[in-house]
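Enquirer: all I have is the shape, not the residue letters:
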């Protein structure tokens, strides 16, 4: 029972263009959402988060959008850079604490 | 400004041996989480601990796995009588007590069971 799904296992984008990563969830108790970036042989690194009271949060080149009615969130990276090539994980938690449920990840390749 | 420290980075065990994975949280963090990542999959929650207490172990296998976070020293994830299916990357994360503070992850321990 996958409560957090990232349906695109991979994404290839040209340097300078926008990367859009999508994530769907099924548990309506989730109210805090995060994106993590992971390089090989390293741990996930926190990128950006959003709580359910907002529909958008922006931090530099990264913007997260939340559509609660559709149980969908997305991460926009613009402009994409070669250093953004990594696996991106969407994660969610409920109000009870920080136990995170992760999606399966999307591998992003930014071509120079 | 050390982050979450995990050791060893790589651990090789034969079937039937014990594996001990250690995690020191970030300075000032009192909450520790263990996650497991199987090849080509996302991270799966195992256990959540605070000092001397297990808060949530709903993701821990019922047998052979245990975790502790003593008053002094690192958190330990212990796997007894390892089997090949235990081969995975095990990540530890920590957080502060501030609400909605994100988890900070270590670089993981890659366990290989031969």
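Expert: Nice, I can see it. Just so it is clear, the structure is predicted and the values come from calculations on it, not from any experiment.
Enquirer: for the residue of chain B found nearest chain A, name its beta-bridge partners.
Expert: Residue nearest to chain A within chain B (Cβ to the nearest Cβ): residue B:105, separated by 3.5 Å. Every residue, glycine included, has its C-beta placed from N, CA and C. Beta bridges link residue B:105 to residue B:93, judged by DSSP bridges.
Enquirer: for residue B:45, same thing?
Expert: Residue B:45 has these beta-bridge partners by DSSP bridges: residue B:35.
Enquirer: which residues of chain B lie near chain A?
Expert: Residues of chain B lying close to chain A by Cβ under 8 Å from any Cβ of the partner chain are B:4, B:6, B:31, B:33, B:35, B:41-45, B:48, B:55-56, B:91, B:93, B:95, B:100-108, B:110.
Enquirer: show me which of the residues you listed are buried.
Expert: B:4, B:6, B:31, B:33, B:35, B:42-43, B:45, B:48, B:91, B:93, B:95, B:102-108, B:110 (16 or more other Cβ atoms under 10 Å in any protein chain shown).
Enquirer: report pLDDT for the residue of chain B closest to chain A.
Expert: pLDDT for residue B:105: 95.
Enquirer: narrow the buried ones among the residues of chain B next to chain A to those in strands?
Expert: B:6, B:31, B:33, B:35, B:43, B:45, B:48, B:91, B:93, B:95, B:104-105, B:110 (DSSP state E).
Enquirer: for the residues you listed, which one is nearest residue A:105?
Expert: Closest to residue A:105 out of those is residue B:43 (8.7 Å), distances taken as Cβ to Cβ.
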